[in-house]
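Engineer: what's the 3D shape of this:
(2 chains)
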Amino acid sequence: MILGSLGRARVYDRLFAGLCLGATALAIGILALLLVKIFADGVPTLTLSFLTSYPSRFPAEAGIRAAILGTLWLIGLTAAIAVPTGIAAAVWLEEYAPRNNFLARLIETNIANLAGVPSIIYGLLGLGLFVRILQLERSVIAGALTMSLLVLPIIVISGREALRAVPRSQRDAAYAMGATRSQVVSRIVLPAAYGGTLTGVILALSRAIGETAPLITIGALTFIAFDPDGLLSPFTVLPIQIFNWISRPQSGFHDIAASAIVVLIVTLLFMNALAVVVRDRAQRRLRG
Amino acid sequence: MMTVAEGAARRSIRRDNAAAIRERLVELPLFLAALVTIVTTVGIVGVLLFETLEFFQVVPLVRFLTETEWTPLFSTKQFGIIVLISATVLTSVGAMLLALPLGLLVAIYLSEYASPNVRRAVKPVLEVLAGIPTVVYGYFALLFVTPIIQALVPGTAVFNGASAAIVMGVMIMPMVTSLSEDAMSAVPQSLREAAFGLGALRHQVALRVVVPAALSGISAAFILAASRAVGETMIVAIAAGLNPTLTLNPFVPIETMTAYIVQVSLGDTPHGTLEYKTIFAVGMVLFLMTLGMNLLSQLFVRRFREEYQ
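Structural biologist: So this is what the prediction gives:
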């Protein structure tokens, strides 16, 4: 009887191990399926003229020139706004804020909550604040400001982790030699935290590249047949162009949507790989 | 936190006034940058509150809560938010039904079964899955999953809740896995060893020791993932439809709160009109729902930390 129940338990043990392995295999299988489907649909229509043409009423003539340029403008501006702000906020919270300071703890809790706010809510903020009150209309700078607020928590959180990983002893050594706080931060802590901070920045920007909903909410256009030429220029980005083509009934547009997705995914995979390389190098340097 | 060296540095600063002012000038912009995050929250609440209050001056709260149709874009307008909420709940619950068991099983595999090498290989795959833009998942839902559902369940509409829910489940699964795995890894090794010492088998250790011990951390992961699903926009806007319908049928077109905001944003809605204000009222409901879930999840995380740290 005892042996029998132990035997049954052994069978359950095997079954459960198989179930866990199966779930993992399923997850990997779904990713493979998704990539195969998109590359199979998208690669045949991915031509050089697709990359350099403006959108068109005819799928065969349409391209993503305006979307690529709009994405570059948006990400460049977002990086210029969010990266210095995010790192500065992280430095204040880690290096300057007094411990158990009420304001510092409020900011900390607030950042944790902001990270969980749906991206479309940031779109409503951008619509109310940047598009209406600041009268920036549907411009690329309104989009970049919205996107900056969206990725700021990611940069602050990863920046703080990177700063925290710098050994206390390095700061103490610098203070002992008479360095001021700002000197310790700019010459010791920030250079040492460079790798970890950069990883967070890359991940934050790749999040911004793929975001669609907040930009639709602020009213980014879906049909742009010119290059963006300044901060107040109307713009579109790759995900919005993709969304627009998916929404059309003709399958020709679905195929070029897949082509644009291939461009987007290859860019993101490249950035992801870059982040992994930077992270590994930074970890090795901190240890060594 | 202040060390001896730091204290000495501070005292020398006090002696040197010019240097002290310089230090202040460095700190100020850093502090203002940190303050931007507070301003963001104030901005979100302010914008939502302002437009929502204007909305409720035209449409009484009672109508918003009790009407059973959502037709602000028609001539006979009804404002029953329950219609949009039901669609959001339908797709989110569907997504969780897939993501919870699957995500938890993968987490158990990674934390309790897999060798370090396998873990190193599987984790990047999950990171890639988590990093795929949601518009791409939308494409996958509409053009890959929906045709399969239509073949299995004849009569399924092109836009339906089921397809969106399944793909959204795939999207939030990596989040369930990675947060649950973090919680299980934090369970002290001694608990496992004690159970093994009593003759427990691996699945017994995993299900009767590790998972219960990590339960509050796992709960936090589930709630956070559900909040992600509630706020998710592109998958439902593409695959679930833009037809506000009060139904629990997963095979017909519906419209979630987020999809409604997208629908209005795509049109040319003039600033100041009632239609314009509806998206802020809907946004407010969405914001409160996700905020409540996030706070609840933080509560669980705090309890988990108290147990093991």
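
Engineer: Skip the chain neighbours and tell me the closest residue to whichever residue of the stretch 51-200 of chain A sits closest to chain B.
Structural biologist: Using C-beta to the nearest C-beta, the single residue of the stretch 51-200 of chain A nearest to chain B is residue A:118, 2.6 Å away. Using the backbone N, CA and C atoms, a C-beta is placed for each residue, glycine as well. Spatial nearest neighbour of residue A:118, chain neighbours left out: residue B:231 (2.6 Å); criterion: C-beta to C-beta, 6 or more residues apart in numbering or on different chains.

Engineer: So that neighbour sits against residue B:293, correct?
Structural biologist: No: Residue B:231 is not in contact with residue B:293 according to C-beta atoms under 8 Å; the separation is 9.4 Å.

Engineer: more neighbours, the two?
Structural biologist: residue B:231 (24 against 21; other C-beta atoms under 10 Å in any protein chain shown).

Engineer: List the contacts of the more buried one.
Structural biologist: A:117-121, B:258, B:286, B:290 (C-beta atoms under 8 Å, 6 or more residues apart in numbering or on different chains).

Engineer: Look up the closest residue to the residue in the stretch 51-200 of chain B that chain A sits nearest to, ignoring the ones flanking it.
Structural biologist: At 2.9 Å from chain A, residue B:133 is the closest residue in the stretch 51-200 of chain B, using C-beta to the nearest C-beta. Distances taken as C-beta to C-beta, 6+ apart place residue A:210 nearest to residue B:133, at 2.9 Å, with adjacent residues excluded.

Engineer: So what's the residue count around that neighbour?
Structural biologist: Residue A:210 - counted by other C-beta under 10 Å - has 21 other residues nearby.

Engineer: so it touches residue B:135, yeah?
Structural biologist: Yes: assessed by C-beta under 8 Å, residue A:210 is found in contact with residue B:135 at 7.3 Å.

Engineer: Overlap in contacts, these two.
Structural biologist: The contact sets of residue A:210 and residue B:135 overlap at residue A:239 (C-beta under 8 Å, 6+ apart).

Engineer: leaving aside the residues next to it on the chain, what's closest to residue B:283?
Structural biologist: residue A:124 (4.5 Å).

Engineer: got the contact list for that neighbour?
Structural biologist: Per C-beta under 8 Å, 6+ apart, neighbours of residue A:124: A:217, B:44, B:47-48, B:261, B:279-280, B:283.

Engineer: Is it located within a strand, as I assumed?
Structural biologist: No: per DSSP: H, G, I helix; E, B strand; the rest coil, residue A:124 lies outside any strand segment and is helix.

Engineer: Could you check how far it is from residue A:154?
Structural biologist: 20 Å (C-beta to C-beta, to the nearest Å).

Engineer: Also residue A:265?
Structural biologist: Counting by C-beta to C-beta, the gap from residue A:265 to residue A:154 is 20 Å.

Engineer: okay, whichever residue of the stretch 151-300 of chain B sits closest to chain A: pLDDT?
Structural biologist: Proximity of the stretch 151-300 of chain B to chain A (C-beta to the nearest C-beta) peaks at residue B:231, 2.6 Å away. At residue B:231, the pLDDT value in this model is 96.

Engineer: Also residue A:263?
Structural biologist: At residue A:263, pLDDT is 96.

Engineer: sorry, back to before: out of the contacts of residue B:231, which sit inside strands?
Structural biologist: Counting by DSSP state E, no part of the contacts of residue B:231 is found in strands.

Engineer: burial measure for residue A:89, as a count.
Structural biologist: So residue A:89, with other C-beta under 10 Å, has 26 neighbours.

Engineer: That one contacts residue A:156, correct?
Structural biologist: Yes: using C-beta under 8 Å, residue A:89 is in contact with residue A:156, at 4.9 Å.

Engineer: Could you pick out the longest helix of chain B?
Structural biologist: helix B:17-58 (DSSP state H).

Engineer: Tell me which other helices or strands that one touches.
Structural biologist: Counting contacts by 3 or more C-beta pairs under 8 Å, 6 or more residues apart in numbering or on different chains; DSSP states H and E, helix B:17-58 is packed against helix A:65-91, helix A:102-114, helix A:119-126, helix A:140-164, helix A:181-183, helix B:4-15, helix B:274-308.

Engineer: at 6 Å what do you get?
Structural biologist: helix A:65-91, helix A:102-114, helix A:119-126, helix A:181-183, helix B:274-308 (3 or more C-beta pairs under 6 Å, 6 or more residues apart in numbering or on different chains; DSSP states H and E).

Engineer: tilt between that helix and helix A:140-164?
Structural biologist: For helix B:17-58 against helix A:140-164, the angle by axes from the mean of the first three to the mean of the last three C-alpha atoms, to 10 degrees is 130 degrees.

Engineer: I'd like to check the angle between helix B:17-58 and helix A:119-126, please.
Structural biologist: Going by the same axes, to 10 degrees, helix B:17-58 makes 100 degrees with helix A:119-126.

Engineer: List the buried residues of the helix or strand just after helix B:17-58.
Structural biologist: Downstream of helix B:17-58, the next assigned helix or strand under DSSP states H and E is helix B:61-66. Going by neighbour count (16 or more other C-beta atoms under 10 Å in any protein chain shown), the buried part of helix B:61-66 is residue B:64.
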